[in-house]
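Q: The sequence isn't on hand, but the structure is:
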C-alpha cells in the first residue's frame, strides 16, 4: 500500500466513526443500551462510570481489528483510524466537555466552545428521551439546539 492509501483509510475511518458514533449514541446508548449509558447522564463522584463499558467494548473490537490487520494490511490502517478517532473523542468528550482526568479548561470561543455547548445541551434533557446533538466532533449551532430542546420539553 502507498502512504496516501494508508492516509486515506485512516482519515476515512475517522470520518466514518463520527457517523457511527452519532448513530450508536442516538439509537443504542439512548435506546436499548441505556442501562450502561444512564450513568453518564446522572450526577456522580466516581472516576469510572458504567458508560465506560462502551469504551472497553469498542477497544476490544479495535484490538481484534489490529490483529486481523496482520493478515490484511488495510484492516490494520482502518483500526488505526478508529484509534485516532477514539483519542480525539477522549480529549473532546471526556477531558474537554466532562473535565475528567484533571482537565479544567472551558473554551471561550471558536470550535471547541461550540462543541462544549452542544454536548452540554445534550445533557440538558433528563433521561434517555428528548436529547439533542448526538455527535461528538460535529456540533450543530447551539441556538438551534436550544430551540429543539425547548420544543421537545414543551410537548
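A: All right, it came through fine. Since we're looking at a predicted model, the values are computed, not measured.

Q: The closest residue to residue 101 other than its chain neighbours and residue 37: what is the separation?
A: Distances taken as CB to CB, 6 or more residues apart in numbering place residue 95 nearest to residue 101, at 5.8 Å, with adjacent residues excluded. C-beta: built from backbone N, CA, C; applies to glycine. Relative to residue 37, residue 95 is positioned 19 Å away (CB to CB, to the nearest Å).

Q: Of those two, which one has the most company?
A: More crowded of residue 95 and residue 37, by other CB atoms under 10 Å: residue 37, with 20 against 16.

Q: do you know how far the spatially closest residue to that one that is not a sequence neighbour is from residue 106?
A: Nearest residue to residue 37, sequence neighbours excluded (CB to CB, 6+ apart): residue 29, at 3.9 Å. Distance, residue 29 to residue 106, by CB to CB: 25 Å.

Q: Of the two, which one has the most company?
A: Neighbours were counted for residue 29 and for residue 106 using other CB under 10 Å; residue 29 has more, 23 against 11.

Q: Quick one: the helices in the protein, in order.
A: Secondary structure of the chain by DSSP state H: the helices cover 3-23, 34-41, 52-68, 73-89, 110-122, 142-153.

Q: mind checking which of these is nearest residue 101?
A: Among the helices of the chain, the nearest to residue 101 by CB to CB is helix 52-68 (12.1 Å).

Q: Give me the residues contacting the closest one.
A: For helix 52-68, the external contacting residues (CB atoms under 8 Å, 6 or more residues apart in numbering) are 29, 33, 36, 37, 75, 76, 78, 79, 80, 82, 83, 86.

Q: Mind listing what's buried along it?
A: 52, 54, 58, 62, 65 (16 or more other CB atoms under 10 Å).

Q: Quick check: of the residues you listed, which lies closest to residue 137?
A: residue 58 (15.5 Å).

Q: Centre of the chain to stretch 148-155, how far?
A: Here stretch 148-155 is found 24 Å from its chain centre; the criterion is CA atoms, centre = their mean, to the nearest Å.
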